[in-house]
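Visitor: The sequence and its predicted three-dimensional model are supplied below.
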Amino acid sequence: MTELRVIAPDGVGEVRRGDDLAALLVDRVALEDGDVVLVTSKAVSKAEGRVVPGTREEALAGETVRVVARRGSTQIVRTSHGLTLAAAGIDGSNVASGSVVLLPIDPDASARAIRARLIELTGLTVGVVVTDTAGRAWREGQTDLAIGAAGVRVLEDFAGQQDGYGNDLVVTSPAVADELAGAAELAQGKLGGRPFAIVRGRADLVLRFDDAGAGAAALVRPDGADLFGYGAREAVLRALLGDPDDAVGFGAPSDAGELAEVVEQIGGVPQIEGGWVVVSGDVGRDALRALAFAHGWVIDPAGAGDRVRLRPFGIYP
């Protein structure tokens with residue numbers, strides 16, 4: 001039998017700049033070797049002085065690397081952490097009116113610091129996860145996930161193993177740090193004033209006291225490696241504008257065969273010639289340019305008579 005226990009202590013009170021989060025926790029609960037300690041990003045940010053005056057709208061630009069999607073006043077953006085979040089994770093709840101809380105500058109470093117302090121205070125080997133709340137594509141509601149981690153395995157890797165039927169597992173890799181964050185939020189609640197939780201029963205995920213691990217940064221898919229780098233409307237606009245700085249959101253260039261297939265769908269007659277895609281037929285040049293851009297290709301400015309030659313970014317005759 002496997003048992004998982006989640007403990008969220010009461011009575012922490014308001015976290016303020018300079019507070020020792022590790023001390024606040026050990027004063028309220030007895031930790032054990034192998035525990036995973038989860039701390040909300042809001043508590044970390046408050047302790048680190050990341051509360052600033054103003055509104056979310058005023059703070060958003062400074063926390064945004066790239067706008068992924070916009071619907072009315074809602075903006076989904078990619079942050080400097082590599083996270084894709086509504087309003088860059090800026091939070092205006094549970095904070096004095098006229099102020100907002102920004103995410104920690106480096107959540108993995110925050111987790112390492114808290115872990116080191118916990119080891120100093122208790123002599124125990126524990127893992128630490130910094131959590132934040134996020135929505136999910138195609139799903140209603142929100143759940144907590146890991147944005148910082150130290151001393152805990154954030155991913156399990158079952159690739160190369162076999163299931164009970166002898167099938168090879170190829171890409172099975174549970175994001176266990178996110179699962180721990182979700183379990184912790186169930187005990188913490190949103191309005192209970194419980195910024196800490198301890199998950200007990202997964203000591204196998206906790207690393208040696210001298211091993212901080214890869215951190216939650218290992219959970220972030222590199223920009224351009226995701227299949228959904230822009231919202232649907234934004235992808236159309238970015239492709240039409242064709243700014244090279246926007247290319248990363250569309251990912252790696254498609255191969256010539258894939259591009260030829262989509263060119264044919266818009267009425268072009270493609271041929272692959274020496275790695276180029278040469279297009280004839282009744283297709284507008286602007287449409288072809290946008291389609292090529294979205295697939296990591298561009299129109300060759302040298303031209304080819306009444307046909308249009310397409311090449312991948314960075315490839316020249």
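Guide: Done, it's in.

Visitor: would residue 22 count as being in a helix?
Guide: Yes. Secondary structure of residue 22 (DSSP: H, G, I helix; E, B strand; the rest coil): part of a helix.

Visitor: Can you classify the nearest residue to it once chain neighbours are set aside by secondary structure?
Guide: Excluding the flanking residues, the one nearest residue 22 by CB to CB, 6 or more residues apart in numbering is residue 117, at 3.7 Å. Any C-beta I mention is one placed from the backbone N, CA and C, and that applies to glycine too. Reduced to three states with three-state DSSP, the structure at residue 117 is helix.

Visitor: what about residue 117, distance to residue 26?
Guide: Distance of residue 117 to residue 26, given as CB to CB, to the nearest Å: 9 Å.

Visitor: which residues do the two both contact?
Guide: Counting by CB atoms under 8 Å, 6 or more residues apart in numbering, residue 117 and residue 26 have no shared contacts at all.

Visitor: show me where the stretch 151-300 of the chain has helices.
Guide: Assigned by DSSP state H, counting those that start in this stretch, the stretch 151-300 of the chain shows helices spanning 176-188, 232-241, 256-265, 285-294.

Visitor: neighbouring contacts of the first one?
Guide: Spelled out, that is helix 176-188. 4, 6-8, 36, 38, 40, 129, 131, 133, 143-146, 149, 152-156, 194-197, 199, 202, 205, 216, 219.

Visitor: returning to what we had before: and the residue nearest to residue 22, what does it touch?
Guide: By CB under 8 Å, 6+ apart, residue 117 lies in contact with 20-23.

Visitor: what's in contact with the longest strand seen in the chain?
Guide: Assignment by DSSP state E gives strand 139-150 as the longest strand of the chain. The contact list for strand 139-150 (CB under 8 Å, 6+ apart) reads 41, 44, 81, 83, 89, 103-104, 106-112, 114-115, 127-136, 154, 175, 177-178, 180-182, 184-185, 212-213, 215-216, 219.

Visitor: contacting residues for residue 256?
Guide: 272, 275-277.

Visitor: Hmm, which of these is lowest in pLDDT?
Guide: The lowest pLDDT within the contacts of residue 256 belongs to residue 275, with 87.

Visitor: So which residues of this protein form strands?
Guide: With strands called from DSSP E, the chain shows them at 5-7, 36-40, 51-53, 66-71, 74-78, 84-86, 99-101, 127-136, 139-150, 196-200, 269-273, 276-280, 297-299, 308-312.

Visitor: quick one: contacts for the residue sitting nearest the centre point of the chain?
Guide: Closest to where the C-alpha atoms of the chain average out (CA atoms, centre = their mean) is residue 83, at 3.4 Å. Listed by CB under 8 Å, 6+ apart, the contact set of residue 83 reads 89, 103, 132, 134, 147, 220.

Visitor: And for residue 312?
Guide: 253, 296-298.

Visitor: And it, how close does it get to residue 292?
Guide: With CB to CB as the criterion, residue 312 and residue 292 are 9 Å apart.

Visitor: Now do the shared contacts for those two.
Guide: residue 298.

Visitor: List the buried residues for stretch 128-141?
Guide: 128-134 (16 or more other CB atoms under 10 Å).

Visitor: So what's the residue count around the residue nearest to residue 308 when sequence neighbours are not counted?
Guide: Excluding its sequence neighbours, the residue lying closest to residue 308 (CB to CB, 6+ apart) is residue 279, at 4.7 Å. For residue 279, the count of nearby residues is 26 (other CB atoms under 10 Å).

Visitor: Likewise for residue 71?
Guide: 10.

Visitor: Quick check: closest non-adjacent residue to it.
Guide: Per CB to CB, 6+ apart, closest to residue 71 is residue 231, 7.6 Å.

Visitor: swap in residue 307?
Guide: Leaving aside its sequence neighbours, residue 307 sits nearest to residue 280 (CB to CB, 6+ apart; 4.7 Å).

Visitor: Surely the one you found is in contact with residue 268?
Guide: Yes. Contact criterion CB atoms under 8 Å: residue 280 and residue 268 qualify, at 7.3 Å.

Visitor: coming back round to it: tell me the bridge partners for the residue nearest to residue 307.
Guide: Beta-bridge pairing of residue 280 under DSSP bridges involves residue 269.

Visitor: Give me the pLDDT value at residue 316.
Guide: On the pLDDT scale, residue 316 gets 42.

Visitor: same question, residue 117
Guide: For residue 117, pLDDT reads 98.

Visitor: ditto for the one 4 residues further on
Guide: Here, the pLDDT recorded for residue 121 equals 98.

Visitor: what sits against it?
Guide: 22-23, 26.

Visitor: where does the protein dip in pLDDT?
Guide: The model of the chain has pLDDT under 70 over residues 158-160, 170-172, 303-305, 314-317.

Visitor: Once you drop chain neighbours, what's closest to residue 197?
Guide: residue 184 is the one closest to residue 197 (CB to CB, 6+ apart), at 3.6 Å.
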